[in-house]
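Enquirer: Got a sequence here, can you build the structure:
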Amino acid sequence: MFGHDGLISWGPSGALAVDVFFALSGWLIGGGLVKTEANNLTRFYFNRALRIWVPYYIALVLIIIASLLKDPVNAKWFEFIAYKATWVYNVFGPPQLQACRDCMPLDGAGNHLWSINAEEQFYLLSPLLLVLLPRHGKRIATWMLIVISFWLMDMYVPISLGVLAAILNSRYPGFHRGKISQAALLVFFISASVGLVSTESVQSVGYKIFAPVFAISLVLLLAISGEKKIVSTVLGGMSYPLYLNHWIGVFFFNLVLEPFGMRESEARNILSALMNYAIAAFLYWYIERNVLAMRQQLYSVRRGVVITILAYTSIVAGLTYGLFLDPSINIAIVLALFAAAGSVVYCAVINCHTKSKAIAKSNMADVSRIT
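Expert: Below is the predicted model:
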């Protein structure tokens with residue numbers, strides 16, 4: 001946010017923050033998936049939907065409303081909104097940013113949503129290994145190969161490192177807290193920090209090497225259990241809506257301060273940041289916090305199955321739409337992958353719950369015979 005608002009001048013600052021977010025997400029969500037059984041997969045997706053979808057679609061609606069007040073609505077405008085609504089903007093949006101920024105809603109102000117889309121896709125594919133194929137999918141060697149492959153392809157590296165760390169922690173609890181581990185992590189963190197100082201572009205080889213190391217070492221250095229405090233809870237809860245909606249402050253104060261010639265001023269940057277924090281605090285405290293508090297009572301197997309189907313269907317629909325507009329073999333392969341993954345997960349979920357119902361009926365019959 002500070003990078004976008006002009007408070008930090010170092011070019012890769014925003015990208016590095018996203019990489020830290022990915023590593024943290026892989027560590028936390030990967031740690032949860034390692035413990036998840038197949039019959040609880042619908043609950044995982046349901047909880048993810050409440051945590052991720054509700055704030056995300058609120059942010060998307062706000063972008064649409066602001067854009068309708070400012071931008072012409074045409075086919076290209078609808079295209080970018082459709083990509084964001086179906087969680088595939090990271091595939092089709094950023095490649096068009098330079099050439100088509102003017103035709104994007106709010107001149108590309110919602111471009112940062114690509115990272116949330118990428119994370120959503122990762123967590124639709126990773127349960128295939130971690131939950132449905134645990135014998136091989138939870139192996140350290142498996143995820144080391146995945147990390148190396150992603151590093152070579154320059155995609156999903158920090159998040160896969162986070163999952164690898166979570167698997168290591170499940171196999172060797174607290175491995176990152178030992179004195180030797182802490183010393184090694186500190187060396188990695190300092191070395192990566194020094195390497196990043198001389199990096200000016202996220203496209204440079206140096207950034208691609210040092211950023212993932214910086215991200216995962218920072219996450220593990222700070223992954224220390226302790227007592228929850230209200231301040232840290234609120235700040236942690238605010239982080240997601242803050243990331244989603246940090247464009248609002250700049251958008252608002254550009255309109256307010258432009259007549260006074262202060263559009264690019266430091267005052268605008270500071271006021272924007274304060275407004276963004278206030279909006280994030282409001283959204284977390286009055287909406288997200290209350291929604292999350294109700295997730296236990298809101299959950300049912302049927303709702304979990306519906307959410308699971310919607311998660312995969314939305315990705316498939318978005319990829320199909322993008323493939324229709326711009327045919328590509330690579331996109332066709334990705335589409336086939338998500339369609340296959342959705343089918344496998346759906347069959348596994350239905351099979352698990354059918355067995356659960358059969359066991360429940362059998363137990364009830366046994367109780368009836370006894371009584």
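Enquirer: May I ask which helix or strand of this protein has the lowest mean pLDDT?
Expert: Least confident helix or strand, the chain: helix 329-370 with a mean of 79, by mean pLDDT, DSSP states H and E.
Enquirer: What strand or helix carries Leu62?
Expert: Per DSSP states H and E: Leu62 is located in helix 54-70.
Enquirer: How about Phe46?
Expert: helix 41-48.
Enquirer: what do you get for Lys76?
Expert: Applying DSSP H and E, one finds Lys76 within helix 75-85.
Enquirer: just how off-centre is the helix or strand just after that helix within its chain?
Expert: Using DSSP H and E, the helix or strand that follows helix 75-85 in sequence is helix 89-92. Distance of helix 89-92 from the chain centroid (C-alpha atoms, centre = their mean, to the nearest Å) equals 14 Å.
Enquirer: Now do helix 89-92: which elements does it pack against?
Expert: Applying 3 or more C-beta pairs under 8 Å, 6 or more residues apart in numbering; DSSP states H and E, we find helix 89-92 packed against helix 75-85, helix 114-127, helix 301-325. (Each C-beta comes from the backbone N, C-alpha and C, glycine too.)
Enquirer: For the longest one, give me every contacting residue.
Expert: Right, helix 301-325. Contact with helix 301-325 is made by 41-43, 45-46, 48-49, 79, 82-83, 85-88, 91-92, 120-121, 124, 331-332, 334-335, 338-339, 341-342, 345-346, 349-350, 353, as judged by C-beta atoms under 8 Å, 6 or more residues apart in numbering.
Enquirer: Give me the angle between it and helix 75-85.
Expert: Here the directions of helix 301-325 and helix 75-85 differ by 150 degrees (axes from the mean of the first three to the mean of the last three C-alpha atoms, to 10 degrees).
Enquirer: Mind listing what's buried along helix 301-325?
Expert: Residues 301, 304-305, 307-309, 311-312, 314-320, 322-323 are the ones in helix 301-325 that count as buried (16 or more other C-beta atoms under 10 Å).
Enquirer: Phe46 is in contact with Met294, isn't it?
Expert: No. Under the criterion of C-beta atoms under 8 Å, Phe46 makes no contact with Met294, lying 11.7 Å away.
Enquirer: Looking only at neighbour counts, state which of those two leads.
Expert: Phe46 (22 against 10; other C-beta atoms under 10 Å).
Enquirer: Contact partners for that one?
Expert: Counted by C-beta under 8 Å, 6+ apart, Phe46 has contacts Arg295, Leu298, Tyr299, Arg303, Gly304, Ile307, Thr308.
Enquirer: Great, nothing more from me.
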